[in-house]
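> predicted coordinates and the sequence they were generated for:
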2 protein chains.
Amino acid sequence: MPVPTIKFYVREGLLPAGELTSPNQATYGDGHERRLRLIRSMLGVGGLSLARIAEILAVVDDTSQPVFELMGEVAGTVAAPRPAGSGEPSARARAEVAALGERRGWHVPAGHPDGEALARTLTEAERLGHEGFAVTLDAYAQAAERVAEADLSYVRGLGARDDVLEGVVIGMMLGDAVFGSLRRIAQAEEAGRVYGRGRRGDEE
Amino acid sequence: MPVPTIKFYVREGLLPAGELTSPNQATYGDGHERRLRLIRSMLGVGGLSLARIAEILAVVDDTSQPVFELMGEVAGTVAAPRPAGSGEPSARARAEVAALGERRGWHVPAGHPDGEALARTLTEAERLGHEGFAVTLDAYAQAAERVAEADLSYVRGLGARDDVLEGVVIGMMLGDAVFGSLRRIAQAEEAGRVYGRGRRGDEE
DNA sequence: CACTATCGGATAGTTGAACTATCCGTCCGG
DNA sequence: CCGGACGGATAGTTCAACTATCCGATAGTG
């Protein structure tokens, strides 16, 4: 890890400065290394911007609140606010989201950030002529529930506050990456089943 | 859509030039608009780079192969080759991936691109002190299978070749975005169930 | 038929994010 | 006691994705 980069992160407020032992000598500890690794992972695996990383770290470092209030906060902060096309979701997409919430017994009130994000994505699908994509929503939702269960039970197994928050952040990022890979494998598998040996490369 | 941007896309080979009717007049059609919309969506919702978009479009435009051979190709091209940390996956991660493939009856030979990507992500988890994250793999894999089924059955409902390929591309991107939103909603829901009203914002 | 606004094509400049290099003054270590 | 590493500040670099300007030709208007 190049030194100038670390200096840069300190300047940007992502990494606390070391303890000054004298005007030009500072000492770094375990926490610094851990934090640095976390930053690099969010950047690499998570694909987050430094600005977003700074927000997340701010939440993680705010010790003034109980842990589980913060969890949702962190999860929400991890959620990427993609440009996602134009802007406002269509009424139809909103209705679809509301209906889905109803079916699954979810609490997704109007204006819920993730609900809105979902509606915007569905609106984008409509604009692309794929309004039928919404038929997959229930299967996706079931899958999401299963993953969320696994996530939560993993997080519950973590001990201290810092570990939990970091676990949420990391679980969010790694989970996305892991699921992406698994999804592609499963798709290839399914395509093979449906269409008979749809091979991907020259393997097997 | 600003004209200079379109010119730029044409220069980059993302968008075919219009039919030249005279040295300085060209005509654009339906396909151009459709293509442009697709590009903007990959850029926005999918968060892909122009370089990657160009690769994907090249595959979509290559009419020399049967449709379902191309499907896996497109899916693989959509897969983001994140820096994902250092480089080589750990032996342990590889073993974990192989074991998972075994349990699920998947064909994931050594060197399979998505298998490797998955192993790299798990290696990253280890480096972050979360080797236990792997216990969630089976739940994730089940969820991935469910999603893949839904994806495939959606794609089967599309008619012509172009529609199918575009559907794969779009389904991949939209699916990721949709699943991300659903996952966060489901997590909040699950957190609420497990910890009792873990609220997210000031709603409800 | 003249004339100007517009188009296609090419070249060059801008913006923002994430670094990277240089400089300067201090102080630790040999 | 002195050379070289360190902390801090400032400025420069690189890359991606645009954006603006210029040029010559032509299409459409009067």
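Done, it's in.

> what separates the helix or strand of chain A with the lowest mean pLDDT from the chain centre, distance-wise?
Among the helices and strands of chain A, helix A:67-78 carries the lowest confidence by mean pLDDT, DSSP states H and E, at a mean of 71. Computed by Cα atoms, centre = their mean, to the nearest Å, the separation of helix A:67-78 from the middle of its chain amounts to 11 Å.

> isn't residue A:46 right up against residue A:176?
Yes. Here residue A:46 reaches residue A:176: they are 7.5 Å apart, a contact under Cβ atoms under 8 Å. In this view, the C-beta of every residue, glycine as well, is placed from N, C-alpha and C.

> what are the buried residues along the least confident helix or strand of chain A?
Across helix A:67-78, burial judged by 16 or more other Cβ atoms under 10 Å in any protein chain shown covers A:68, A:70, A:71, A:72, A:73, A:74, A:75, A:76, A:77, A:78.

> likewise for stretch A:46-56?
Residues of stretch A:46-56 classed as buried: A:46, A:47, A:48, A:52, A:53, A:56 (neighbour count, 16+ other Cβ under 10 Å).

> and stretch A:3-23, anywhere near chain B?
No. Counting by Cβ under 8 Å from any Cβ of the partner chain, chain B is not contacted by stretch A:3-23; separation bottoms out at 14.2 Å.

> returning to that earlier point: the buried residues of stretch A:46-56 in helices, which ones?
A:52, A:53, A:56 (DSSP state H).

> same list (those) but as TSV, adding pLDDT.
As requested, those are exported to TSV (pLDDT from 0 to 100):
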residue	pLDDT
A:52	90
A:53	92
A:56	89
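
> and these, which is closest to residue A:1?
Closest approach between those and residue A:1, by Cβ to Cβ: residue A:53, at 15.7 Å.

> what's around the closest residue to the closest one other than its chain neighbours, how many residues?
Among residues not flanking residue A:53 along the chain, residue A:42 sits closest, at 4.9 Å (Cβ to Cβ, 6 or more residues apart in numbering or on different chains). Per other Cβ atoms under 10 Å in any protein chain shown, the neighbour tally for residue A:42 reads 23.

> which strand or helix spans residue A:42?
Under the criterion of DSSP states H and E, residue A:42 resides in helix A:30-44.

> which elements pack onto that helix?
helix A:3-11, helix A:50-61, helix A:161-195, helix B:113-127 (3 or more Cβ pairs under 8 Å, 6 or more residues apart in numbering or on different chains; DSSP states H and E).

> and the first one, how far out from the chain's middle?
The chain centroid and the centroid of helix A:3-11 are separated by 25 Å, computed with Cα atoms, centre = their mean.

> picking up where we left off before, do the helix holding residue A:42 and DNA strand C meet?
Yes. Helix A:30-44 reaches DNA strand C (Cβ under 7 Å from any atom of the strand) through residue A:43.

> got the angle for that helix vs helix B:113-127?
With axes from the mean of the first three to the mean of the last three Cα atoms, to 10 degrees defining the directions, helix A:30-44 sits at 160 degrees from helix B:113-127.

> so for helix A:30-44, what's the average pLDDT?
Averaging pLDDT along helix A:30-44 gives 91.

> what sits up against it?
Defining contact as Cβ atoms under 8 Å, 6 or more residues apart in numbering or on different chains, one finds that helix A:30-44 is touched by A:1, A:6, A:9, A:14-16, A:18, A:48, A:50, A:52-53, A:56-57, A:166, A:169-170, A:173, B:82-85, B:124, B:127-128.

> ok, and what's touching the strand or helix carrying residue A:138?
Assigned by DSSP H and E, residue A:138 belongs to helix A:137-156. Helix A:137-156 is contacted by residues A:71, A:96, A:100, A:103-104, A:164, A:167-168, A:171, A:175, A:179, B:132-133, B:135-136, B:139-140, B:142-144, B:146-147, B:149-150, B:175, B:178-179, B:182-183, B:185-187, B:189-191, B:194 when judged by Cβ under 8 Å, 6+ apart.

> could you do stretch A:54-69 as well?
Contacts for stretch A:54-69 (Cβ under 8 Å, 6+ apart): A:12-14, A:35, A:38-39, A:42, A:48, A:70, A:73-74, A:77-78, A:161-162, A:164-166, A:169, B:191, B:195, B:198-199.

> okay, how far is it across it, tip to tip?
19 Å (Cα to Cα, to the nearest Å).

> how far off centre is it?
That offset, for stretch A:54-69, works out to 16 Å (Cα atoms, centre = their mean).

> alright, that wraps it up for me.
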